[in-house]
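K.L.:
Got a sequence here, can you model it:
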Amino acid sequence: MAVKSVRDSSAGKKEFFPTVAEIDLNALLHNFREIQRLAGGPGHSIIAVVKADAYGHGALRISQTLEGAGVKALGVALAQEGIELRQGGIRLPILVMGSLLKEQIPSLFEHQLTPVLFQSGIIPLLEKEAEEQGITLPVHIKVDTGMGRLGIQPDEFRPFLKELLRHKRIKIEGIMTHLADAERPGSGNSARQIALWNNLLSQLEEYHLRPPMIHLLNSAAILSLPGAESDPVRPGLMLYGYSSYKDTKNRVFLKPVLSFKTRIVHLKTVPAGTPVSYGGTFVTKKKSMIATLPVGYADGYSRALSNCGKVLVRGKRVPVAGRVCMDMIMIDVTDLPEVDIGDEAVLIGIQGNDFISAEEVAGWIGTISYEILCAIGKRVPRIYKELV
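P.N.:
Below is the predicted model of the structure:
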């Protein structure tokens, strides 16, 4: 079925967009319920990761939908992502899982964002602001158990904890770590991280602490390490219908949430020997029909897909012809005699009996589905299929 690439403008008129990202909110809720089931049922808490504009799906609308579904909290990477959600009316707790600089503290308090702490120098600054505002600030502690990115080193955990407990306006709401290799549980890396994690949790008990939120399981780990202690769980990619852990067949059924679609805007018949696009890297071998699509690398369709990407038109796969341009790509539709201007072209998604996934697109250019989804640009409208 062709995408209805229209939405209401502020003036009430219908706007038409040839290139859209169609977001299926019913698929999102299906994936959310599957995660609940895997985590232990509806009583098990979930922090939904909506950083990077909800992996390209539109953070505000995704967050609104998950808020209605009963998610515990939202996770973002940057304070400004949390601020945008607050400005959009989101009232759920929002965990800022990335960096926090002293200049961001006023905004953090103004928008009631929950920081993740891993540097002792910022603690007294947070305490001072909390004292001035007469509130107690909930925080999460992040420990680096093997990711090598952000977090307190394990041998610094006790001194950090002691420093934090000296400040009465700061409440330890959670402790977290991040698994670096959860999609490969057989490597032993996750087992080493979990052993270190359990040791750190035992150190908490020395201080009679048991934060209500203890979390380490990301999407891959929910599937590959179901026995690890984590409440809440912290899914990102799974919410959007994909998994980096490949052995999922008998455990979960995920529905991709996003489809990336456009329309044919130009058709031309050219003779054999005709070069197409920049540099002439594609040359027709016979009389050919070339279609132009109004989508390019500025929209998130990677230039690396030049001469290797595939697109669905009339239910058939056709190749990208030549280099991907900033705003356009060309495809070879010679074998589709009925093709016409205005026909739908599916870059990611289902058409007829075929399906091109973000994972497959990633495989063509040696990257991961995360990057393919996150790359879809802001100028591509998100069109939401409403809940039924």
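K.L.:
I83 falls within a helix, correct?
P.N.:
Yes. Using DSSP: H, G, I helix; E, B strand; the rest coil, the assignment for I83 is a helix.
K.L.:
surely it meets F109?
P.N.:
No. Using C-beta atoms under 8 Å, I83 is not in contact with F109; the gap is 11.6 Å. Every residue, glycine included, has its C-beta placed from N, CA and C.
K.L.:
pLDDT averaged over stretch 341-349, what's the number?
P.N.:
Computed over stretch 341-349, the mean pLDDT rounds to 98.
K.L.:
Residues contacting that stretch, please?
P.N.:
The contact list for stretch 341-349 (C-beta atoms under 8 Å, 6 or more residues apart in numbering) reads 2-3, 22, 256, 258-267, 291, 293, 295, 301, 309, 311-314, 331, 351, 355-358, 361, 372.
K.L.:
for it, which positions count as buried?
P.N.:
Using 16 or more other C-beta atoms under 10 Å as the burial criterion, the residues of stretch 341-349 that qualify are D343, E344, A345, V346, L347, I348, G349.
K.L.:
Tabulate those in a markdown table, adding columns for distance to A228.
P.N.:
Formatted as a markdown table, the buried residues of stretch 341-349 follow (distance: C-beta to C-beta, whole Å):
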| residue | distance to A228 |
| --- | --- |
| D343 | 48 |
| E344 | 44 |
| A345 | 43 |
| V346 | 38 |
| L347 | 37 |
| I348 | 32 |
| G349 | 34 |
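K.L.:
List the ones among these that fall in strands.
P.N.:
Members of these lying in strands (criterion: DSSP state E): E344, A345, V346, L347, I348, G349.
K.L.:
Distance to G56 added to the residues you listed, as CSV?
P.N.:
Listed next are those as CSV, based on distance: C-beta to C-beta, whole Å:
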residue, distance to G56
E344, 20
A345, 19
V346, 16
L347, 13
I348, 10
G349, 14
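K.L.:
Those residues: which two are farthest apart?
P.N.:
E344 and I348 (12.8 Å; C-beta to C-beta).
K.L.:
The residue nearest to the spatial centre of the chain: what's it in contact with?
P.N.:
The residue lying closest to the centre of the chain (C-alpha atoms, centre = their mean) is Y55, at 2.5 Å. Applying C-beta under 8 Å, 6+ apart, we find Y55 in contact with G236, L237, Y240, Y370, L373, C374.
K.L.:
That one and L239, how far apart?
P.N.:
8 Å (C-beta to C-beta, to the nearest Å).
K.L.:
Which strands or helices does whichever helix in the chain runs longest pack on?
P.N.:
The single longest helix within the chain, with elements called by DSSP state H, is helix 189-206. If you count contacts as 3 or more C-beta pairs under 8 Å, 6 or more residues apart in numbering; DSSP states H and E, helix 189-206 packs onto helix 157-165, strand 170-176.
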